[in-house]
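Enquirer: with the sequence up front, the predicted model follows.
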Amino acid sequence: MIIFEGKIVYDEDDNEYCLEKQIGEGGFGKVYLAKWKSDNKKFAIKILDNSFSNEKAYTSFINEITLASKISSRNVIKYEYTHTGEIFKELGPYIIMEYADNGSLEETLVRQKKIERQFSNEELKNIFLNLAKGMKDINSKLIHRDIKPENILWVGEILKISDFGISKVSSDITRTKTFKGYGSKKYSAPEVWQMDRTTIKTDIYSMGIVFYELATLNYPYEVKNSKYNEVHLYKNILPLQQFNENLSVEFIVLINKMLKKKANERFENWDEIIDFINTVSISEKIIELEDIVNEAVSKQILCDIEKEKESLKIERRNQEKTDFYSMVYYQYKTDILEKISEFGEKNTIVMR
């Protein structure tokens with residue numbers, strides 16, 4: 001499909017949308033600003049790359065995009081129309097969606113870092129609640145698999161989650177030898193790196209990293225040589241209070257639990273997270289007892305971090321042993337067993 005500025009695409013009622021200019025690009029394809037020809041209302045249209053590796057990948061995309069079109073939420077970008085490539089065959093697959101006119105959360109984080117201003121606990125509570133509610137609605141239909149600040153957009157003053165239902169398109173095209181999972185390396189849960197089944201808890205982990213960045217204006221791990229698999233699998237997150245000493249202890253507990261390495265140690269669902277956030281008190285500290293309790297909770301958090309660190313060390317050593325034994329067996333098989341087999345075959349031929 002050849003797409004260019006001025007191209008016309010259609011919805012199910014044959015309404016015409018004129019592509020004005022390209023405003024984005026990713027593993028999935030390209031994004032265009034478009035206007036509905038009848039009243040010039042703005043929309044964003046994602047033109048999806050249809051280079052699927054096989055029929056199964058295409059069928060999976062159809063299933064996901066069909067589910068995605070059924071999601072309706074205040075904190076989710078609305079899909080006005082999804083075209084799978086069947087009706088207007090000359091146009092290929094695309095999505096007509098609500099236009100986000102105020103940038104992305106990624107741009108907001110960049111601005112906050114530039115002026116060195118942390119979000120207040122009150123601001124964080126509001127943002128966390130909106131994102132959790134949006135994720136609850138998305139996860140009621142499907143797993144997002146590609147949560148990151150670039151995929152969270154501002155429509156006016158409202159944060160809305162985007163790009164749900166298309167991660168399989170992007171991943172099928174952009175997978176590499178070192179990363180076979182879905183989503184973005186910086187935000188991918190341990191189970192993604194281990195090629196395990198993705199669940200709601202996979203999205204909870206990814207959003208936990210977004211929450212961490214919002215709470216601290218920093219990434220939760222020290223990454224060397226872009227080895228994101230190592231940090232997600234074996235490294236503890238950096239203490240949140242190291243970057244934001246005014247951060248609510250409850251938010252520290254929240255984010256730590258969202259970022260547990262083992263999926264069964266994270267929150268079960270978004271309802272639990274929403275209930276937890278709603279219990280966070282933002283009022284000024286007026287009781288000495290509260291300081292004592294917060295200090296005790298902080299100590300417990302540090303204790304839990306040390307325990308997890310030791311557990312991860314043991315897990316990593318065990319994995320290294322397994323990898324070493326696998327390598328030795330492979331070398332034994334290729335360098336010795338196969339040569340013995342070849343030698344035996346040659347001797348058999350000579351004896352004949």
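Expert: Nice, thanks for sending it over.
Enquirer: pop out the phi and psi values for Asn236.
Expert: When quoted as degrees, to the nearest 10, the phi and psi of Asn236 stand at phi -80, psi 150.
Enquirer: quick one: it and Glu308 touch, right?
Expert: Yes: using C-beta atoms under 8 Å, Asn236 is in contact with Glu308, at 6.1 Å. C-beta here means a position set from N, CA and C on the backbone, and glycine is covered the same way.
Enquirer: which strand is the longest one in the protein?
Expert: Criterion DSSP state E: the longest strand present in the chain is strand 16-26.
Enquirer: packing partners for that one?
Expert: If contacts are counted by 3 or more C-beta pairs under 8 Å, 6 or more residues apart in numbering; DSSP states H and E, strand 16-26 sits against strand 8-10, strand 29-36, strand 42-48.
Enquirer: tell me how far the second one lies from the chain's centre.
Expert: This means strand 29-36. Mean C-alpha position of strand 29-36 versus that of the full chain (C-alpha atoms, centre = their mean, to the nearest Å) differs by 23 Å.
Enquirer: give me the sheet partners of it and which way each runs.
Expert: Strand pairing for strand 29-36, using DSSP bridges, gives strand 16-26 (antiparallel), strand 42-48 (antiparallel).
Enquirer: output these as JSON lines; include the columns mean pLDDT, distance to Ala215 and mean neighbour count.
Expert: As requested, these are exported to JSON lines (pLDDT from 0 to 100; distance: least, C-beta to C-beta, whole Å; neighbours: other C-beta atoms under 10 Å):
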{"stretch": "strand 16-26", "mean pLDDT": "91", "distance to Ala215": "26", "mean neighbour count": "15"}
{"stretch": "strand 42-48", "mean pLDDT": "92", "distance to Ala215": "29", "mean neighbour count": "21"}
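Enquirer: of the ones you listed, which is nearest Glu250?
Expert: Taking C-beta to C-beta, strand 16-26 is the member of these nearest to Glu250, at 34.8 Å.
Enquirer: put the alpha carbons of the closest one into PDB.
Expert: Taking C-alpha atoms only, strand 16-26 is exported to PDB below (Å, rounded to 0.1, in the frame of the first residue of the first chain):
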ATOM      1  CA  GLU A  16     -13.600  10.300   3.900                       C
ATOM      2  CA  TYR A  17     -10.500  11.200   5.900                       C
ATOM      3  CA  CYS A  18      -7.700  13.100   4.200                       C
ATOM      4  CA  LEU A  19      -4.200  12.400   5.400                       C
ATOM      5  CA  GLU A  20      -2.500  15.800   6.000                       C
ATOM      6  CA  LYS A  21       0.900  15.000   7.400                       C
ATOM      7  CA  GLN A  22       3.000  12.300   9.000                       C
ATOM      8  CA  ILE A  23       3.300  12.900  12.800                       C
ATOM      9  CA  GLY A  24       4.900   9.600  14.000                       C
ATOM     10  CA  GLU A  25       6.500   6.300  13.100                       C
ATOM     11  CA  GLY A  26       7.300   3.100  14.800                       C
END
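Enquirer: what does it contact?
Expert: The contact list for strand 16-26 (C-beta atoms under 8 Å, 6 or more residues apart in numbering) reads 3-11, 30-38, 43-45, 96, 170.
Enquirer: now render the strands paired with strand 29-36 as TSV, adding distance to Ile62.
Expert: As requested, the strands paired with strand 29-36 are exported to TSV (distance: least, C-beta to C-beta, whole Å):
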stretch	distance to Ile62
strand 16-26	20
strand 42-48	11
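Enquirer: so which of those strands is nearest Lys113?
Expert: For those, proximity to Lys113 was assessed by C-beta to C-beta; strand 16-26 is nearest, at 21.8 Å.
Enquirer: from the middle of its chain, how far away would that closest one be?
Expert: Chain-centre distance of strand 16-26: 24 Å, with C-alpha atoms, centre = their mean.
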